[in-house]
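Chemist: build me a structure from this.
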Amino acid sequence: MDFWDLTLRFFALGDVNVRNVVAGSMLLGCSAGCLSTFVYLQRQSLIGDALAHAALPGVGLAFLVAGSRELGFLLAGAALTAWLAALVVNLIVRTSAIKLDAALGIVLSVFFGAGVVILTHIQKSGAGNQAGLDRFLFGQAAAISGRDVRLLLVVTGLLLLAVAAGFSRFKILSFDRGFAQTLGVPVGRWQFLLTTMVVAAVVIGLQAVGVVLMAAMMITPAASARQWTDRLWLMTLLASLFGMIAGLIGAYVSFLAPRLPTGPWIVVVVSLIFGVSVLLAPRRGLLSRMVGFIRQRRATMQDHILKALYRAGMASGVWDRGYDRVGMATAFGFLPGDLRPALGRLRRRGYLELVNGAYRLSAEGREEGARVLRLHRLWEVYLSRYLELPADHVHRDAHEMEHILTPEMEARLEELLERPEFDPHAQKIPYPERREPA
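Modeler: Residues are numbered from 1 along each chain as shown. Next up, the predicted model:
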């Protein structure tokens, strides 16, 4: 059967096993992604790792007590020890000088070590029904049954309803606990509820991705979503969506190549989503920041050219003097390689005129050059007057700030400084004629 036949068969969901794996993986991604938002914003991302490892001894103890591999019993045991681990972490942080990261490391290693010991004991006990318990280490999504899917659906539904009902409280809790307390919010109770929900999300994900990989599902979706938005509700929605997409694609890749387990592929896909987000997100992505840096550098270069030409004209009183690239580089200290593209852009914008191979300011260019120089000198006055910096220390800071001051900030500066006539170097500040000080 070729690739396209397999793809059609997968998305047709005609096979009951395929339906179970897809549904279980997507439910896991949805619940983990949703709750990862609040864990991420509280800077407790490693709590998911600690709770996942702490769930392992619960799986073994539940098997020893019940003598069965019934998923409900095993998940109940996992939830119990994971929840106990969360309480222990909280107790260590509250009653000692140990920081949260150290407490998480201690609890993770102790509980995980205990889990490995218990599973080793079970494997050596010769119990005939113990086979398959080790799948909780790395997950085995292919073993998800219809009954398991129904359980996952119920737990995921309850978690999403709880998030929707307590969204405003979780929002305040994630950003400012002190403010939440002043509003009368019972911070301890809501934090307890959130921790319990995280435990539930971790536990239901153990069968699909396992103890070792569950940490990624409690960190990466939220970290990816954060690159795309500043709105909490949208971040929560995107994190859930990214988790579901990872579950779907992970199941798809595993279906195409049965020897590749679903759980690790889910983590690989969600990691790829994070990589794409870091690279391509419109505001925080590396690519957009690089583009923004290049644009800012171009704009800065153009401002420097206009300011230099305006200062030269202001000093000499001759505004129609032109410079070729070499002459401009020599006169004002620019690099010839930087001048070529900048001069072309300024000419296209109408700020420069090219006459007999020489560039000179147009009327619009004079206005723009005066604006840049005005912002520079106003900022120098501000730094000198209010920060009491010496005159020979204000040029560099003003050189940087002149490019980001908005018209509103300019108006505010003029008002605050009472429209000074000269900068700290006794150089005249150029104003538009209608606003020139007497």
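
Chemist: tell me how many other residues crowd His121.
Modeler: Using other CB atoms under 10 Å, His121 is surrounded by 11 other residues. (C-beta placed from N, C-alpha, C; glycine too.)

Chemist: which residues touch it?
Modeler: Residues near His121 by CB atoms under 8 Å, 6 or more residues apart in numbering: Gly60.

Chemist: 57 is where my numbering starts, stick with that
Modeler: Got it, the first residue is 57 from now on, which makes the last one we talked about His177.

Chemist: and it, how far is that from Gly171?
Modeler: 11 Å (CB to CB, to the nearest Å).

Chemist: which residues are common contacts for these two?
Modeler: Gly116.

Chemist: report the secondary structure state of the nearest residue to Leu102 once chain neighbours are set aside.
Modeler: Closest residue in space to Leu102, ignoring its immediate chain neighbours: Leu160 at 5.0 Å, by CB to CB, 6 or more residues apart in numbering. Of the three states, Leu160 takes helix under DSSP: H, G, I helix; E, B strand; the rest coil.

Chemist: can you pull the contacts of Leu160?
Modeler: Shown in contact with Leu160 (CB under 8 Å, 6+ apart): 102-103, 105-106, 145.

Chemist: same thing but 10 Å
Modeler: Contact analysis of Leu160 by CB atoms under 10 Å, 6 or more residues apart in numbering lists 100-107, 109-110, 141-142, 145, 148-149, 154.

Chemist: farthest pair in those residues?
Modeler: Gly104 and Ile154 (19.6 Å; CB to CB).

Chemist: what about Ile200, neighbour count?
Modeler: Ile200 has 27 neighbours, counted by other CB under 10 Å.

Chemist: repeat that for the one 5 residues further on.
Modeler: A total of 17 residues lie near Val205 under the criterion other CB under 10 Å.

Chemist: please enumerate the strands of this structure.
Modeler: With DSSP state E as the criterion, the chain has strands at 408-411, 414-417.

Chemist: okay, these in CSV with mean pLDDT, mean neighbour count and distance to Val219 next?
Modeler: Shown next, in CSV, are these (pLDDT from 0 to 100; neighbours: other CB atoms under 10 Å; distance: least, CB to CB, whole Å):
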stretch, mean pLDDT, mean neighbour count, distance to Val219
strand 408-411, 91, 16, 57
strand 414-417, 92, 20, 59
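
Chemist: Val374 is nearest to which of those strands?
Modeler: Across the strands of the chain, Val374 has its closest neighbour in strand 414-417 (9.8 Å, CB to CB).

Chemist: which other helices and strands does the closest one contact?
Modeler: With contacts defined as 3 or more CB pairs under 10 Å, 6 or more residues apart in numbering; DSSP states H and E, strand 414-417 has these neighbours: helix 342-372, helix 381-388, helix 392-404, strand 408-411, helix 419-442.

Chemist: to Gly213, which of these lies closest?
Modeler: Across the helices and strands packed on strand 414-417, the minimum distance to Gly213, taken as CB to CB, is reached by helix 342-372, at 36.6 Å.

Chemist: which non-adjacent residue is nearest Ile148?
Modeler: Closest to Ile148 by CB to CB, 6+ apart is Ala159, at 4.2 Å.

Chemist: from Glu444, how far out is that neighbour?
Modeler: Distance, Ala159 to Glu444, using CB to CB: 47 Å.

Chemist: show me which of the two is the more surrounded one.
Modeler: The neighbour comparison of Ala159 against Glu444 (other CB under 10 Å) goes to Ala159, with 19 against 7.

Chemist: got a list of what that one touches?
Modeler: 106, 144-150, 152.

Chemist: out of those, which is nearest to Thr212?
Modeler: Checking those against Thr212 by CB to CB gives Ala106 as the nearest, at 21.8 Å.

Chemist: that closest one touches Asn146, doesn't it?
Modeler: No. Because the distance of 11.4 Å does not satisfy CB atoms under 10 Å, Ala106 is recorded as not touching Asn146.

Chemist: hey, what's in contact with both of those two?
Modeler: 156, 159.

Chemist: out of the two, which sits in the busier spot?
Modeler: Taking neighbours as other CB under 10 Å, Ala106 and Asn146 compare with Ala106 leading, 29 against 16.

Chemist: now do the contacts for the more buried one.
Modeler: Contact partners of Ala106, counting by CB under 10 Å, 6+ apart, are 100, 138, 141-142, 144-145, 156-157, 159-165, 167-168, 258, 271, 274.

Chemist: one more: Gly378?
Modeler: Counting by CB under 10 Å, 6+ apart, Gly378 touches 365, 384, 408-417.

Chemist: which residue packs closest to Phe231, ignoring adjacent ones?
Modeler: Leu97 (6.8 Å).

Chemist: ok, the nearest residue to Ile305 once chain neighbours are set aside - how many residues close by?
Modeler: In this structure, Ile305 finds its nearest non-sequential neighbour in Val325, 4.6 Å apart by CB to CB, 6+ apart. A total of 23 residues lie near Val325 under the criterion other CB under 10 Å.

Chemist: where does pLDDT dip in this protein?
Modeler: Residue ranges of the chain with pLDDT under 70: 57-60, 62, 65-66, 69-70, 125, 182-195, 268, 489-494.

Chemist: break it down into its structural domains.
Modeler: The chain breaks down by automatic domain parsing into domains covering 59-337, 344-417, 422-491.

Chemist: among Gly104 and Ile154, which residue is more densely surrounded?
Modeler: Between Gly104 and Ile154, Gly104 has the larger neighbour count (other CB under 10 Å), namely 27 against 14.

Chemist: who's in contact with the more buried one?
Modeler: Residues near Gly104 by CB under 10 Å, 6+ apart: 88, 91-92, 95-96, 138, 160, 254-255, 257-258, 261, 270-275.

Chemist: same check, this time on Gly406
Modeler: 418-421, 424.

Chemist: between the residues you listed, which is nearest Ser181?
Modeler: Ser181 has its nearest neighbour among the contacts of Gly406 in Glu424, at 82.9 Å by CB to CB.

Chemist: any idea how far Leu290 is from that closest one?
Modeler: Counting by CB to CB, the gap from Glu424 to Leu290 is 38 Å.

Chemist: these two: who's more crowded?
Modeler: Between Glu424 and Leu290, counting by other CB under 10 Å, Glu424 is the more crowded of the two (21 against 12).
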